[in-house]
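A.B. asks: model this:
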Amino acid sequence: MFSNRTRLFIGIIFFLSLILLTYLRIYQVAAVALMMIVLLGWDYIRQGTLVVAAKYFHHKEYDKAERALNEILRPEWLRKKRRGYYEFLMGGVYLQRQDYEDAERHYEIAAQYPLRSVNDHVAALVHVANISIRLGNYDKADAYLQLTEKHEDKINAKMKDVISRLHQEIKKHKP
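C.D. replies: Numbers count the residues shown, from 1 in each chain. Here you go, the predicted structure:
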């Protein structure tokens, strides 16, 4: 929920209060300060800076979103839902930069994790299919579009339209 700079600032405040409270021998409150430091560290490991990055991403500030995502040193330590969302956002950042190989890689990883909704999961699959079509890999695109079929009754009409257009594009290029 916080950026790393904010986490560090709050952590320093709690650490200084821990030292002061220990010096004053107020051990119960010092234990609370220590617990808050541990919670800040745990929150960073399991949540990262995804909330900040998502805010930037939704406001179309992709450079700031990428910086916030790069503050996460070990994405593999994130919670499963957070890891999927991390990969989804990172794929979106690379897609905006037109770095299709990296975007495809991140969307493929995102599709392996649970996302916020079925629509987001299908969107990750559709992004991989779309990028594969751009790169000329029509078999891979077709395989990813087939993965979307099991979610067909749970996705919105806009996503269904995108999927049908991608199917038509594949039919043009496939013998």
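A.B. asks: and the helices in this structure, which stretches?
C.D. replies: 4-23, 27-47, 50-58, 62-70, 80-96, 100-111, 118-134, 138-148, 157-173 (DSSP state H).
A.B. asks: mean pLDDT and mean neighbour count added to those, as JSON lines?
C.D. replies: For glycine as for every other residue, the C-beta is placed from the backbone atoms N, C-alpha and C. Listed next are the helices of the chain as JSON lines, based on pLDDT from 0 to 100; neighbours: other CB atoms under 10 Å:
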{"stretch": "helix 4-23", "mean pLDDT": "94", "mean neighbour count": "14"}
{"stretch": "helix 27-47", "mean pLDDT": "93", "mean neighbour count": "14"}
{"stretch": "helix 50-58", "mean pLDDT": "93", "mean neighbour count": "18"}
{"stretch": "helix 62-70", "mean pLDDT": "94", "mean neighbour count": "18"}
{"stretch": "helix 80-96", "mean pLDDT": "93", "mean neighbour count": "21"}
{"stretch": "helix 100-111", "mean pLDDT": "94", "mean neighbour count": "20"}
{"stretch": "helix 118-134", "mean pLDDT": "91", "mean neighbour count": "22"}
{"stretch": "helix 138-148", "mean pLDDT": "89", "mean neighbour count": "18"}
{"stretch": "helix 157-173", "mean pLDDT": "87", "mean neighbour count": "13"}
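A.B. asks: what's stretch 50-65 in contact with?
C.D. replies: 1-3, 66, 68-69, 72, 78, 82, 85-86, 89, 92-93, 96-97 (CB atoms under 8 Å, 6 or more residues apart in numbering).
A.B. asks: nearest to Asn119, of those residues?
C.D. replies: Tyr85 (13.3 Å; CB to CB).
A.B. asks: would you agree the closest one is in contact with Ser117?
C.D. replies: No - between Tyr85 and Ser117 there is no contact under CB atoms under 8 Å: 11.0 Å.
A.B. asks: how is this protein divided into domains?
C.D. replies: 1-47, 49-173 (automatic domain parsing).
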